[in-house]
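Colleague: what follows is a predicted protein model with its sequence.
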Amino acid sequence: MSGQPDFRIAVLPGDGIGAEVTAEAEKALRAVGQRYGHQFVLEHGLVGGAAMDAAGEPLPAATLALCNSADAVLLGAVGDPKYDDPKASARPEQALLGLRKELGLFANLRPVWVYRALAEASPLRPELVEGTDLIVVRELTGGIYFGRPRKEGEEQALDTMVYTRAEVERIAHVGFRIARERRRKVTSVDKANVLACSRLWRPAVEAVAEDYPDVELEHLLVDAATMHLIKRPRDFDVILTGNMFGDILSDETSVLAGSMGMLPSASLADGRFGLYEPIHGSAPDIAGQDIANPLASILSVAMLLRHSLELEAEARAVEEAVAAVLEAGHRTPDIAEAGRPVVTTRQMGDLVIEALASG
Ligand code: NAD
């Protein structure tokens with residue numbers, strides 16, 4: 001191996017269980033490096049409450065510089081009860097918006113699998129959800145959350161939804177590219193019977209679809225989509241949607257899997273750069289007890305390998321190791337049936353590494 005690293009990863013563990021689960025994800029990344037002969041250089045940065053403690057702000061310039069010089073970012077979680085005053089001028093969660101904006105992260109990806117071994121953990125009937133394998137591709141930097149003008153008020157308030165054709169085309173390309181690597185079906189979700197932005201969205205998505213004739217495109221109104229996701233989740237492959245609908249639908253889909261501790265996410269910029277994190281927060285209620293489920297963070301590593309480093313075989317190896325550990329019956333408390341034996345955060349990380357080494 002030469003002295004030059006193959007890949008540089010910025011690691012931002014953050015707060016609460018963020019640090020605990022990220023430590024296990026780093027172990028998995030190192031194990032992938034060993035098995036496949038890659039040299040990953042992992043460089044740590046401060047973010048969230050941990051950064052406020054050490055540097056007085058949630059997203060120090062040094063952290064941004066570290067991210068900008070890396071091939072990808074692995075984030076734990078931010079949020080600390082001691083900084084919970086909603087009126088405070090600085091809050092740990094501001095780091096997330098800052099990272100999205102400064103790193104140009106415009107596409108949010110949230111895959112949901114319902115593992116056979118965990119179908120019982122879903123609030124829906126196992127025969128309905130088992131085999132679900134979908135991904136929500138959400139536009140992250142436009143739409144009603146960022147539109148201007150905006151006016152607060154007690155008698156009248158105003159929000160503005162804005163989408164440009166270029167923004168829609170950019171996210172649509174991400175959705176179709178991902179569909180090509182999966183089951184080649186895109187469900188575009190909008191509200192074209194009511195919203196002008198959706199009447200821009202729909203033809204723009206159809207125009208992009210012409211570049212991907214091998215991918216099937218269907219449209220669903222968002223109200224119908226919320227029902228179909230519960231009634232027939234297995235039928236979905238890629239769900240492509242705007243910022244607000246994606247926010248709501250990705251939370252709805254996350255419930256299908258049974259635990260927040262299982263679900264990874266990615267936020268992508270133009271090119272291959274991306275930030276990867278579990279969907280859960282810093283979980284102060286269980287922090288410091290070595291009981292958090294690290295699988296969402298470990299599966300975020302799989303997404304990082306796939307989308308930023310283009311190491312598909314390595315990504316699959318991580319996903320298969322996680323599936324093997326679950327099939328073997330190992331559970332952290334959040335996914336365990338009552339009264340069954342459980343493993344700790346660190347033990348779960350070690351089990352995945354063992355499965356990776358023997359896979
Ligand atoms: P949370 O996701 O931290 O926790 C919700 C519930 O799920 C808790 O009961 C927690 O114990 C459980 N849980 C979450 N992840 C788990 C895991 N890996 N294993 C086992 N159980 C897990 O959400 P919250 O409690 O609403 O928020 C706590 C803090 O996290 C807040 O400060 C919030 O602002 C922040 N937050 C950060 C992010 C992020 O960093 N992306 C996301 C959501 C919330």
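Modeller: Thanks, I have the structure now.

Colleague: what sits against I248?
Modeller: V222, T226 (Cβ atoms under 8 Å, 6 or more residues apart in numbering). C-beta here means a position set from N, CA and C on the backbone, and glycine is covered the same way.

Colleague: what separates it from the ligand, distance-wise?
Modeller: Distance, I248 to the ligand, using Cβ to the nearest ligand atom, to the nearest Å: 15 Å.

Colleague: helix/strand/coil for that residue?
Modeller: Of the three states, I248 takes helix according to DSSP: H, G, I helix; E, B strand; the rest coil.

Colleague: per-residue pLDDT of it, please?
Modeller: I248 is assigned 95 on the pLDDT scale.

Colleague: and if you look at V342?
Modeller: We have a pLDDT of 95 for V342.

Colleague: let me know the next secondary structure element after whichever strand or helix holds F245.
Modeller: Using DSSP states H and E, F245 falls within helix 243-256. Downstream of helix 243-256, the first helix or strand assigned by DSSP H and E is strand 264-268.

Colleague: nearest residue to the residue of the stretch 51-200 of the chain found nearest the ligand other than its sequence neighbours?
Modeller: The minimum distance from the stretch 51-200 of the chain to the ligand, using Cβ to the nearest ligand atom, falls at G79 (2.2 Å). Closest residue in space to G79, ignoring its immediate chain neighbours: S282 at 4.1 Å, by Cβ to Cβ, 6 or more residues apart in numbering.

Colleague: what sits against the one you found?
Modeller: Taking Cβ under 8 Å, 6+ apart, one finds 14-18, 48-49, 76-80, 92 in contact with S282.

Colleague: that one in helix, strand or coil?
Modeller: coil.

Colleague: so the residue positioned nearest the centre of the chain bridges to which residues?
Modeller: For the chain, S265 is the residue whose C-alpha lies nearest the centre (Cα atoms, centre = their mean; 1.0 Å). Beta-bridge partners of S265, counted by DSSP bridges, are E277.

Colleague: got a pLDDT number for it?
Modeller: 97.

Colleague: surely it and S300 touch.
Modeller: Yes - using Cβ atoms under 8 Å, S265 makes contact with S300 at a distance of 6.8 Å.

Colleague: mutual contacts of these two, please.
Modeller: Joint contacts of S265 and S300 (Cβ under 8 Å, 6+ apart) are Y276, E277, P278.

Colleague: state the distance from the second one to the ligand.
Modeller: The spacing between E277 and the ligand, counted by Cβ to the nearest ligand atom, is 6 Å.

Colleague: let me see the contact set for that residue.
Modeller: So E277 contacts L74, L75, G76, A77, P264, S265, S267, S297, S300 (Cβ under 8 Å, 6+ apart).

Colleague: of the residues you listed, which is the nearest to S308?
Modeller: The nearest member of the contacts of E277 to S308, counting by Cβ to Cβ, is L74 at 10.0 Å.
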